[in-house]
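>>> Turn this into a model:
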Amino acid sequence: MKLWHSLVGTSLAVCALVAEPLGAQQSPAALYGDLFSAVQTGRLFPDGKTFADAAPKRDPQAIMADYRRERPATPEALRSFVLANFTVPGVNDRGATDLRRHIRNLWPMLVRQPDEQVAGSSLLPMPHPYVVPGGRFREMYYWDSYFTMLGLAVDGQQPLVESMLANFTDTIERYGHIPNGMRTYYLGRSQPPFYAAMLDLSKDTDPATAAKRLAALKKEHAYWMKGASCLDSSGACDRVVRMPDGTLLNRYWDDRPLPRDESFAEDLITAKEDPSRPAEEMYRHLRAGAESGWDYSSRWLSDPQRLASIRTTEIVPVDLNSLMLIMEEAIARRSAAAGDQAGAASFAALANKRRAALNRYFWVAGQGRYADWDRMTRKPTPRISAATLYPLFAGAASPQQAAAVAASVRRDLLATGGLRTTPVRTGQQWDSPNGWAPLQWVAIAGLEKNAQGELAREIAKRWLDTVSTTYAETGKMLEKYDIEERKPGGGGEYPTQDGFGWTNGVTSAILERYPDL
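Next up, the predicted model:
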């Protein structure tokens, strides 16, 4: 304490040397005089540049008047005074406004320039600039990119939105679909098909570009529906499933019944855990789970506590079929705009059939939720998940259904820090306690679209609290979060990644939609 008072006394002498005005722009030492000296000589912050770079939260003269009146007598009291009156870099500067600025500064770090072909490399070269998720995800990914592009669109990065769309369009032309990610080992599968939704973020009005994108949309639709030509008595082939009334819907799949290249050892181990099943069958279910983006979740497991009980291809997913509805409606709309009325009518009819099927097979009226459909039991699954909000996102729910979903979401999925993925704890990363940026956005946008704005805003607020709290503690934007305790998420096959494309994008999009949050 004697040292503290000695330093404060010294500060009073020093302030006499620096208090002389320096014109319109005064240095911190001149502006804050004895307060500045007390902070710096008292080593309140390890780096002397920290307080020199601090910004006042209100008028400096008012701050100094309060300082001279209060005269904080201990280091603890002085620190409390400083943090109450200044935004200090790296200490208390990570509020929502700074979060948005941080995200805008992150975009250049996640941008990659056009790739060159390297012999023997697994990378699928992209001809235009693109944004990667971050961390171990060092190539462009499919569904991640939609949520990343939401943020790019509101953060003044429209050229990147257009160049990423050009990459995806070229990829469909080249491979017939958009793979999980831009690696050769991902070519056997896709991911939740958000290309149609991505196109709505474009500002390119060139008719030639529109024609090229429409052709790509149709090609992607054909990829998902090609199994219709090989259906047999089993009622399923590739990504197509025949429902009891004859309607054709879709499931997740992978063309390669092998261990995943990127998780080779893990898949070998999982296959050995259930020797009663052929290894190829296990690999197919694991790969289909990866195509779903939910790798992995109790949605796909017979026993929620055993990954080896996975049976993804036996499930007809509500999220996938909602996205297929969006795709078919987009093709119908864009065909009409191009003057192809016959094509527009054909895809509109497909969309109407799918919309009816969503409510016939996936709607569980007694529980007020949409569910996945089990091909084996021929009824909706008992698994409650955030996928229940996809029909709202796709505009397929009635006002009564939307209200019922909102009530069930409040009851089963709304957590302290945002929307739960599922209410089940399994150790899998797409289960409780984790929350994920894409599911928050699907929920918010879907609820807003269906006159459930109050719940949408509540999810947005709780999610932002989680992201900003974790950012304040770690300085990072993360792939996933524990929304029960508002901290970094866990589980899955690899450590939680930072960067992170879709969290950045969704956070910016939420702050743009709800600036008061």
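>>> Low-confidence ranges, the stretch 101-250 of the chain, go.
Of all residues in the stretch 101-250 of the chain, none has pLDDT under 70.
>>> Break down it into its strands, ranges please.
Taking DSSP state E, counting those that start in this stretch as the test, the strands found in the stretch 101-250 of the chain are 111-112, 130-131, 236-237, 240-242, 248-250.
>>> how much distance is there from the fourth one to the middle of the chain?
Here the centre of strand 240-242 is set off from its chain's centre by 29 Å, with C-alpha atoms, centre = their mean, to the nearest Å.
>>> How far off centre is stretch 260-280?
Its chain's average C-alpha position is 28 Å from that of stretch 260-280, according to C-alpha atoms, centre = their mean.
>>> Just the C-alphas of that stretch, formatted as CSV.
What follows is stretch 260-280 as a C-alpha-only set of coordinates in CSV (Å, rounded to 0.1, in the frame of the first residue of the first chain):
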residue,chain,number,x,y,z
ARG,A,260,-14.3,-41.6,-45.1
ASP,A,261,-10.8,-40.5,-46.1
GLU,A,262,-10.9,-37.6,-43.6
SER,A,263,-12.0,-40.0,-40.7
PHE,A,264,-10.6,-43.3,-41.9
ALA,A,265,-9.5,-44.7,-38.6
GLU,A,266,-12.6,-43.6,-36.8
ASP,A,267,-14.9,-45.3,-39.3
LEU,A,268,-13.0,-48.5,-39.1
ILE,A,269,-13.4,-48.5,-35.3
THR,A,270,-17.1,-47.7,-35.5
ALA,A,271,-17.7,-50.6,-38.0
LYS,A,272,-16.0,-53.1,-35.7
GLU,A,273,-18.3,-52.1,-32.8
ASP,A,274,-21.2,-53.8,-34.5
PRO,A,275,-19.9,-57.0,-36.3
SER,A,276,-23.5,-58.0,-37.0
ARG,A,277,-23.7,-55.4,-39.8
PRO,A,278,-21.7,-55.5,-43.0
ALA,A,279,-18.9,-52.9,-42.8
GLU,A,280,-20.1,-51.4,-46.1
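>>> which parts of stretch 480-488 are buried?
Across stretch 480-488, burial judged by 16 or more other C-beta atoms under 10 Å covers 480, 481, 482, 483, 484, 486, 487, 488. Glycine gets a C-beta too; all of them are placed from N, C-alpha and C.
>>> Just read off the phi/psi values of the second one.
Meaning residue 481. Dihedral angles of residue 481 (phi, psi; degrees, to the nearest 10) stand at phi -140, psi 150.
>>> For residue 193, find the nearest of the strands of the stretch 101-250 of the chain.
Among those, strand 248-250 comes nearest to residue 193, with 9.1 Å by C-beta to C-beta.
>>> from memory residue 190 sits against residue 181, does it?
No: when contacts are counted by C-beta atoms under 8 Å, residue 190 is not listed as touching residue 181 (10.2 Å).
>>> Give the intersection of the neighbour lists for those two.
residue 142 (C-beta atoms under 8 Å, 6 or more residues apart in numbering).
>>> Make a markdown table out of the strands of the stretch 101-250 of the chain and add distance to residue 160.
Listed next are the strands of the stretch 101-250 of the chain as a markdown table, based on distance: least, C-beta to C-beta, whole Å:
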| stretch | distance to residue 160 |
| --- | --- |
| strand 111-112 | 7 |
| strand 130-131 | 6 |
| strand 236-237 | 38 |
| strand 240-242 | 34 |
| strand 248-250 | 30 |
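>>> TSV for these, including distance to residue 498 and mean neighbour count?
As requested, the strands of the stretch 101-250 of the chain are exported to TSV (distance: least, C-beta to C-beta, whole Å; neighbours: other C-beta atoms under 10 Å):
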stretch	distance to residue 498	mean neighbour count
strand 111-112	17	14
strand 130-131	15	26
strand 236-237	39	18
strand 240-242	38	21
strand 248-250	33	20
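>>> Show me the shaky parts of the chain.
Applying pLDDT under 70 to the chain flags residues 1-24, 94-97.
>>> Repeat the analysis, applying 80 as the threshold.
Within the chain, the stretches with pLDDT under 80 are 1-25, 90, 92-98.
>>> tell me the domain ranges of it?
Per automatic domain parsing, the domain ranges recorded for the chain read 2-87, 104-251+315-513.
>>> Quick one: end-to-end length of the last one, please.
To tie it back to what came earlier, the one meant is domain 104-251+315-513. End-to-end span of domain 104-251+315-513 (C-alpha to C-alpha, to the nearest Å): 16 Å.
>>> How far off centre is that domain?
Between the centre of domain 104-251+315-513 and the centre of its chain there are 9 Å (C-alpha atoms, centre = their mean).
>>> hang on, the earlier thing: out of the strands of the stretch 101-250 of the chain, which is closest to residue 214?
Among these, strand 248-250 sits nearest to residue 214 (C-beta to C-beta), with 20.4 Å.
>>> Of the domains of the chain, flag the one that's most buried.
Highest mean neighbour count of the domains of the chain: domain 104-251+315-513, a mean of 19 (counted as mean count of other C-beta atoms under 10 Å).
>>> Name the residues that touch stretch 438-454?
Contact partners of stretch 438-454, identified using C-beta under 8 Å, 6+ apart, comprise 143-144, 146-147, 150, 293, 386, 389-395, 397, 399, 402-403, 406, 409, 418-419, 421, 455-456, 459-460, 463, 502, 506, 509-510, 513.
>>> mind checking how far the residue nearest to residue 393 when sequence neighbours are not counted is from residue 342?
Once flanking residues are discounted, residue 393 sits nearest to residue 446: 3.7 Å by C-beta to C-beta, 6 or more residues apart in numbering. Look at residue 446 and residue 342: by C-beta to C-beta, to the nearest Å, they are 32 Å apart.
>>> Could you do residue 130 as well?
36 Å.
>>> now do residue 160
36 Å.
>>> Tell me how far residue 180 lies from residue 253.
Taking C-beta to C-beta, one finds residue 180 at 12 Å from residue 253.
>>> what do these two both touch?
Each of 189, 291 lies in contact with both residue 180 and residue 253 under the rule C-beta under 8 Å, 6+ apart.
>>> May I see the buried residues of stretch 480-488 arranged in TSV, with distance to residue 70 and secondary structure as well?
Output for the buried residues of stretch 480-488, formatted as TSV (distance: C-beta to C-beta, whole Å; DSSP: H, G, I helix; E, B strand; the rest coil):
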residue	distance to residue 70	secondary structure
480	44	coil
481	39	strand
482	39	strand
483	39	coil
484	40	coil
486	33	coil
487	35	strand
488	38	strand
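>>> Same list (those) but as JSON lines, adding distance to residue 124.
Shown next, in JSON lines, are the buried residues of stretch 480-488 (distance: C-beta to C-beta, whole Å):
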{"residue": "480", "distance to residue 124": "26"}
{"residue": "481", "distance to residue 124": "30"}
{"residue": "482", "distance to residue 124": "34"}
{"residue": "483", "distance to residue 124": "34"}
{"residue": "484", "distance to residue 124": "38"}
{"residue": "486", "distance to residue 124": "37"}
{"residue": "487", "distance to residue 124": "35"}
{"residue": "488", "distance to residue 124": "30"}
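>>> about what we covered before: go through the contacts of stretch 438-454 and flag which are in strands.
Judged by DSSP state E, these include 418, 419 as members of strands.
>>> Which ones among the contacts of stretch 438-454 lie within helices?
143-144, 146-147, 150, 390-393, 399, 402-403, 406, 409, 455-456, 459-460, 463, 502, 506, 509-510, 513 (DSSP state H).
>>> what about residue 476, which SS state?
Counting by DSSP: H, G, I helix; E, B strand; the rest coil, the backbone at residue 476 sits in coil.
>>> related to what we said a few turns ago, out of the domains of the chain, which comes closest to residue 273?
domain 104-251+315-513 (14.2 Å).
>>> from memory residue 136 sits against residue 496, does it?
No: applying C-beta under 8 Å as the test, residue 136 and residue 496 come out as separate, 10.5 Å apart.
>>> what does stretch 350-369 rub up against?
So stretch 350-369 is contacted by 243, 245, 247, 249, 316, 318, 321-322, 324-325, 328-329, 332, 370-373, 380, 384, 388, 391, 394, 396-398, 401, 404-405, 407-408, 412 (C-beta under 8 Å, 6+ apart).
>>> Now do stretch 295-310: distance to the chain's middle.
22 Å.
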